[in-house]
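> With the sequence up front, the predicted model follows.
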Amino acid sequence: MTDEEIIAASFDDPPVFGELFERHFTTIHGYLSRRLGRARADDLAGEVFRIGFVERSKYDPSRGGLRSWLYGIANNVLRQHLRDRERAERAWARLGLSSVVVDDVSPVERIDAQLLAARLDAALARLLPTDREALTLHVVEQLTYAEVALVMNTPIGTVRSRIARARNQLRVSLAFTADSDTRHEGADHG
């Protein structure tokens with residue numbers, strides 16, 4: 001059965017929706033895991049599919065495939081999680097306390113010994129959030145420009161501009177840090 005057929009069948013037989021979970025969980029979990037770390041992604045990926053099940057009557061295949069629809073839900077869940085986390089951090093700060101959340105360390109942060117990963121992470125952080133999101137969805141998650149436009153609820157031309165701008169900024173930033181690293185290494189050995 002196609003994804004669309006499964007959604008249609010799930011109205012009469014709700015457990016059949018589990019097939020969509022089996023087909024797409026790994027992809028959605030991977031997207032969230034790369035953004036938040038594995039532990040947080042477990043809960044949030046489950047939430048994506050819970051929302052997908054509850055809201056399945058709103059799925060419109062004419063607007064794009066199910067994968068794009070699920071990424072859109074995942075993007076909304078991710079943004080809500082980040083807003084909630086920021087709100088909690090502010091609450092802890094008002095109390096003069098610091099919250100320590102080890103599970104939120106991203107995979108790139110865990111591998112800080114790799115110079116390229118650290119440089120890339122820093123360069124990505126300097127991008128505009130919308131540019132970074134568009135680039136991540138297109139390059140890492142391998143969504144088409146049209147799918148990214150659907151997920152971000154943005155015109156395709158804007159998506160293309162954001163991705164081009166992000167690529168150019170990364171190229172310049174990574175070239176600059178590589179030149180800087182080379183100069184520092186030469187100074188250390190000279």
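Sure thing, it's come through.
> now the helices for the protein?
Secondary structure of the chain (DSSP state H): helices at 3-10, 18-36, 38-54, 66-94, 107-110, 115-125, 129-135, 145-152, 156-189.
> So for the first one, mean pLDDT?
To tie it back to what came earlier, the one meant is helix 3-10. Across helix 3-10, pLDDT averages out at 94.
> Go through it and flag the buried ones.
Buried residues in helix 3-10, counted by 16 or more other CB atoms under 10 Å: 3, 6-7, 10. Every residue, glycine included, has its C-beta placed from N, CA and C.
> Same check on the third one?
Neighbour counts using 16+ other CB under 10 Å place 38, 40-41, 44-45, 47-49, 52 of helix 38-54 among the buried residues.
> Output those in CSV, with distance to residue 21 and pLDDT appended to each entry.
Listed next are the buried residues of helix 38-54 as CSV, based on distance: CB to CB, whole Å; pLDDT from 0 to 100:
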residue, distance to residue 21, pLDDT
38, 18, 84
40, 19, 87
41, 15, 91
44, 14, 94
45, 9, 94
47, 12, 94
48, 10, 96
49, 5, 95
52, 9, 95
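> Just flag the most distant two among those.
Using CB to CB, the buried residues of helix 38-54 span at most 20.7 Å, a distance reached by 38 and 52.
> if we can go back for a sec, out of the buried residues of helix 3-10, which is nearest to residue 164?
residue 3 (30.9 Å).
> Confirm for me that the closest one is in contact with residue 64.
No. Taking CB atoms under 8 Å as the definition, residue 3 is not a contact partner of residue 64, at 11.3 Å.
> So for these two, which residues contact both of them?
Taking CB atoms under 8 Å, 6 or more residues apart in numbering as the contact rule, residue 3 and residue 64 touch no residue in common.
> what sits against the nearest residue to residue 81 once chain neighbours are set aside?
Distances taken as CB to CB, 6 or more residues apart in numbering put residue 44 closest to residue 81, at 5.9 Å, once the chain neighbours are dropped. Contact partners of residue 44, counting by CB under 8 Å, 6+ apart, are 32, 36, 74, 77-78, 81.
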